[in-house]
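K.L.:
need a 3D model of the following:
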Amino acid sequence: MTSVERRQQIYALLCAADRPLSAATLAGQCGVTRQVIVGDIALLRAEGHNIAATPRGYVIPAENTGLIRCVACSHSLEGTREELHAMVDCGCTVLDVIVEHPVYGQLTAILQLSSRYDVEQFISKMRNSSAAPLSALTEGIHLHTLSCPSEDAFAHLKEQLKQMGVLLPEQTD
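P.N.:
Here you go, the predicted model:
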């Protein structure tokens, strides 16, 4: 198989997948190393293919059918699980997390978390890799972009986050 054929196969596998596919999984299916897959994904992206890297693997992002909303939050590392559980329990998909870095500006990480199972996989991967969340760079302050099923669900979520002490209060001068 040529490298072009391999990239076509990778893209076809991602399009057909109903879950994220890790570089290791793709490497096994294509008979190459994980690093070759990482390079192939970079080349596919350079060709204009929309491929997102999530904590669980690569995905072709689905079109958002919900209302896109953003919340500003602040909490310690220990509050991550509860915050994410509240979001998915309200029916929202946590699309990403965003922080403002003093050198790099806005840093965004795609999450695509839509269930407690997704959240638990994310927390487990963070714990097993000894990685800190992006919010550790900003003393806990971060944004989440959400896909919500309705305005009511979003309002309910904001109220829950407020009660948890996670929702960043609006600043008034």
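
K.L.:
quick one: least confident helix or strand in the protein?
P.N.:
Lowest mean confidence among the helices and strands of the chain (mean pLDDT, DSSP states H and E): strand 52-54, at a mean of 85.

K.L.:
relative to it, what are the paired strands and their orientations?
P.N.:
Strand 52-54 pairs in its sheet with strand 57-59 (antiparallel), by DSSP bridges.

K.L.:
off-centre distance for the least confident helix or strand of the chain?
P.N.:
The chain centre lies 7 Å from the centre of strand 52-54; the measure is CA atoms, centre = their mean, to the nearest Å.

K.L.:
which outside residues touch it?
P.N.:
Strand 52-54 is contacted from outside by 20, 41, 58-61, 110-112, using CB atoms under 8 Å, 6 or more residues apart in numbering. For the C-beta atoms, the positions are set from N, CA and C on the backbone; glycine is no exception.

K.L.:
now the residue minimising distance to the centre of the chain: which helix or strand?
P.N.:
With distances taken as CA atoms, centre = their mean, the residue of the chain nearest its centroid is residue 111 (0.7 Å). With elements taken from DSSP states H and E, the one containing residue 111 is strand 105-113.
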